[in-house]
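Enquirer: sharing a model that was predicted from the sequence below.
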Amino acid sequence: MPKINGNEIRPGYVLEHNGGLWSAVKVDHVKPGKGGAFAQVEMKNLRNGSKLNERFRSADKVERVRLEQKDQQFLYETDGMLVFMDAETYDQIELPADLLGERRPFLQDGMTIVVEFHDAEALNATLPQKVQCKIVETEPVVKGQTAANSFKPAILDCGVKVMVPPFVGQDEEIIVNTETFEYVERA
């Protein structure tokens, strides 16, 4: 695995540090008036989710890990485990449902997601950025209310509550951003 200098760390990099795999969440480059510059890195453990703040000087060498990304198709959920299938090899894997966190409700039958592996160990799962959902409950459209840039609450078929423009009605299909939980457009 390639070693990089401490000042080359960027958000999203996966590093091997203290015997664990860490994802760089936030990186601040600090140049104090006295002493050398360093990178203040907020990291998240990919195995247990713990967080760590670490200081890396430019002379420090750290191991950057490249994760293998594979497309996996969602099949079903059983006992808190999500079962996925590799589209090429038809191998099935089980991942804990809490791996997706608060984005779990957006996972739909047959959806293809990207799973990141390190030596055959699944560490991370990413949903598509945009997902199509149906509105099951929202307030009716009121004439003359579209002049202001106002939004109204709506409950989706997956149980998630989002804010939608006033012209969107019940039983309509919409596109939702899975990262920000925001309305994007009508489907």
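Expert: Here it is on my side, so go on.
Enquirer: skipping its backbone neighbours, what lies nearest the residue at minimal distance from the centre of the chain in space?
Expert: With distances taken as C-alpha atoms, centre = their mean, the chain has residue 126 as the residue nearest its mean C-alpha position (5.2 Å). In this structure, residue 126 finds its nearest non-sequential neighbour in residue 114, 4.6 Å apart by C-beta to C-beta, 6 or more residues apart in numbering. The C-beta positions use only the backbone N, C-alpha and C, and glycine is treated the same way.
Enquirer: what lines up beside the host helix or strand of that neighbour in the sheet?
Expert: Using DSSP states H and E, residue 114 falls within strand 112-118. Strand 112-118 pairs in its sheet with strand 68-78 (antiparallel), strand 121-126 (antiparallel), by DSSP bridges.
Enquirer: can I get those strands in TSV including mean pLDDT?
Expert: What follows is the strands paired with strand 112-118, written out as TSV (pLDDT from 0 to 100):
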stretch	mean pLDDT
strand 68-78	90
strand 121-126	81
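Enquirer: quick one: residues in contact with the lowest-mean-pLDDT helix or strand in the chain.
Expert: Every helix and strand of the chain was ranked by mean pLDDT, DSSP states H and E. The lowest is strand 121-126, at a mean of 81. Strand 121-126 is touched from outside by 21, 23, 46-47, 67, 72, 93, 95, 99-100, 113-117, with contacts defined as C-beta atoms under 8 Å, 6 or more residues apart in numbering.
Enquirer: what comes up buried for the very next helix or strand once past that strand?
Expert: For strand 121-126, the following helix or strand on the C-terminal side (DSSP H and E) is strand 130-138. With burial defined by 16 or more other C-beta atoms under 10 Å, the residues of strand 130-138 counted as buried are 131, 133, 135, 138.
Enquirer: does the third one touch residue 172 like I think?
Expert: Yes: Residue 135 is in contact with residue 172 according to C-beta atoms under 8 Å; the separation is 5.3 Å.
Enquirer: circling back to that earlier point, okay, now the residue nearest to residue 126: neighbour count?
Expert: When neighbours are defined as other C-beta atoms under 10 Å, residue 114 has 13 of them.
Enquirer: equivalent analysis for residue 164, please.
Expert: Residue 164: 21 neighbours (other C-beta under 10 Å).
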